[in-house]
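Enquirer: return atomic coordinates for the entry below.
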Amino acid sequence: MAPLAMGEEIYKCIDSNGNPRFSQHPCDGHAETVTIETPNALETQPVDEAVTSTLTHNRHLRELDAAIRDKGYELDVLAKERDRELAELESRRSDAGRYLVMSVTDYKLDEEIQAAQNRYRREIARVQAEQDRLIAERQRLAAEGAR
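Expert: Residues are numbered from 1 along each chain as shown. Predicted coordinates:
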């Protein structure tokens, strides 16, 4: 017989030997309709606060781990972008030097290189600070869970 849903009706029949038989379909002859009340397992089990707290704590640790990984990935991407942009600027400066167009062009490229270095330095420092904050929060949370 398939599992019954809460509040599902079944049929109670009495066989030729007088024994009750239950079915999801009416029997030949006289069948009594019976409603089966199955309790909801979640309603009958008391909520264990310690288990709930542990599950919430572990979920928060996993979320922090994911955020820390994301910040590490973001740092890698920024470093690659910085290296690519600076290599391109250095290449342009090298090309300008070959053609003896050093004065204004060289000065402008130096400014662009310095600006790019400063921009990436600030952005990398910001992301690194955020990752450090997440790591400290994760360490604090892990230490609380160990108690």
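Enquirer: all contacts plus neighbour counts: C-alpha atoms, from now on.
Expert: OK.
Enquirer: for stretch 22-35, which positions count as buried?
Expert: Judged by neighbour count (16 or more other Cα atoms under 10 Å), stretch 22-35 contains these buried residues: F22, C27, A31, T33.
Enquirer: same deal with stretch 70-84?
Expert: Quick answer for stretch 70-84 (16+ other Cα under 10 Å): K71, E74, L75, L78, R82.
Enquirer: how about residues contacting it?
Expert: Stretch 70-84 has contacts (Cα atoms under 8 Å, 6 or more residues apart in numbering) with A116, Q117, Y120, E123, I124, V127, Q128, E130, Q131.
Enquirer: of the residues you listed, buried ones?
Expert: A116, Q117, Y120, I124, V127, Q128, Q131.
Enquirer: cross the residues you listed against strands and list the overlap.
Expert: Counting by DSSP state E, the buried ones among the contacts of stretch 70-84 place none of their members in strands.
Enquirer: any idea how far the residue positioned nearest the centre of the chain lies from H57?
Expert: For the chain, E63 is the residue whose C-alpha lies nearest the centre (Cα atoms, centre = their mean; 5.7 Å). Distance of E63 to H57, given as Cα to Cα, to the nearest Å: 10 Å.
Enquirer: K12 too?
Expert: Per Cα to Cα, K12 is found 49 Å from H57.
Enquirer: which of these two has more neighbours?
Expert: Using other Cα atoms under 10 Å, the more surrounded residue of K12 and H57 is K12, with 19 against 16.
Enquirer: where along the chain do the helices fall?
Expert: 41-44, 49-98, 103-146 (DSSP state H).
Enquirer: in a markdown table: these, plus distance to G18.
Expert: Shown next, in a markdown table, are the helices of the chain (distance: least, Cα to Cα, whole Å):
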| stretch | distance to G18 |
| --- | --- |
| helix 41-44 | 34 |
| helix 49-98 | 49 |
| helix 103-146 | 61 |
